[in-house]
Structures are given as structure tokens and as C-alpha cells.
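Enquirer: Below is the structure, and that's it, no one-letter string:
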């Protein structure tokens, strides 16, 4: 009787399906999550590019600052990534592309290869402290190089996928665009004089 039971084939398909289904679902959900991350990355790239494209001109509509205008542009571009708690936007100004990410110059008095409190330094960004990145916060003036950085903490959409794979509940993605400002007209005090009604 045992031999007869072990030789039976009915139900095999159900058993195979039971083994394959979780793997199949995990694969489908994983593809969906990866697609969501790729979409978010493309949206961030587009937002950074558009902000940089508009920012180089120095233009802002009447009644708002350049910073507010750039924020509006980014908000318009971030389709579906609308939670302000999950995103950060920053701009840094440099004199040249070679300066991006470089530290402020300092005198390495003890020759240890790093800045130590009290060592003499050149405050290139004007914030009265030594910084590992010499970029100043802002949108710059004529000829300045501006780096637009946008990051977004993309949530994982399915708890099932997160539990089964052990990945965190969200993944931080970022995009960066670096451009040189056009020859923006400024007055003797360095204030931009681009008409706001162009």
C-alpha cells in the first residue's frame, strides 16, 4: 500500500506551485520596487537638470527670490515625490569646477594631513569656520559654478519585500547637476539686476 501511495502523481502540480509561488511573488514585487526606485532616480535627475538650466540665467519672476523660484521649479519637476520631509535640496557656489568638493586651504602645522582646530585657514565661503567643502551656500553670481544637489528618501512600498529581503524601509537616492552661471548683470554691490518680467 505504501508503494502504491508513493507512486501516485496527482497533486504534484499543487506541491510544485506551493514551492514556486513565494519565489515568483518575491521576484514580481522586487521588479516593482526596483522600477519605483528607477522612476524616482529619473525624476530627481530631471529636477536637478531643470533647476540648473533655469538657475544659470539669474532670472526670477517678479515678487519672489531666485531661491524661491528654483524651489518652485524643483517642486514642479518632482512628480510623485511630494513629501517635503523626505527630500533635501542644496546649492553650493564655487569659483571653478575644480573647486567642487575641495576643502578650504589651511596650514597643516603638525603635518598630520588633516585640519585641526586652531590651525590657520582661508575662509573662502565666508562662514567664519574651516570647512571640508569650500563651497558657499547660494546660487552665485555671474560666472560662478553652482552645484544643485537633490536627495530623496524613497520608501519601500511593500512590507513583504522588506521583511523577506532585509533591506531598510527606505532608500536614499540623490542627483547632482553642476553648471556655470551665465554673465548675469549685477550692480556695483554684486546684486543681480536681471529684469523680473522677461
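Expert: Received, thanks. These numbers were taken from a predicted model, which means no experiment stands behind them. Numbers count the residues shown, from 1 in each chain.
Enquirer: For residue 89, list the residues it contacts.
Expert: Residues in contact with residue 89 (C-beta atoms under 8 Å, 6 or more residues apart in numbering) are 71, 74, 148, 149, 150. (Each C-beta comes from the backbone N, C-alpha and C, glycine too.)
Enquirer: Just the pLDDT at the fourth one, thanks.
Expert: Per-residue confidence at residue 149 stands at 95 (pLDDT).
Enquirer: Tell me if I am right that it is in a strand.
Expert: Yes: under DSSP: H, G, I helix; E, B strand; the rest coil, residue 149 falls within a strand.
Enquirer: doesn't residue 101 make contact with it?
Expert: No: Residue 149 is beyond contact range of residue 101, at 11.1 Å (criterion: C-beta atoms under 8 Å).
Enquirer: Between the two, which has more neighbouring residues?
Expert: residue 149 (16 against 12; other C-beta atoms under 10 Å).
Enquirer: Report how many residues lie close to residue 91.
Expert: Neighbours around residue 91, by other C-beta under 10 Å: 22.
Enquirer: helix or strand for it, which one?
Expert: Assigned by DSSP states H and E, residue 91 belongs to strand 87-94.
Enquirer: again with residue 71
Expert: Going by DSSP H and E, residue 71 is in helix 66-77.
Enquirer: Can you give the distance from that helix to the centre of its chain?
Expert: 15 Å (C-alpha atoms, centre = their mean, to the nearest Å).
Enquirer: List the contacts of it.
Expert: 43, 46-48, 50-51, 54-55, 58-61, 64, 89, 91, 138-139, 148, 150, 192.
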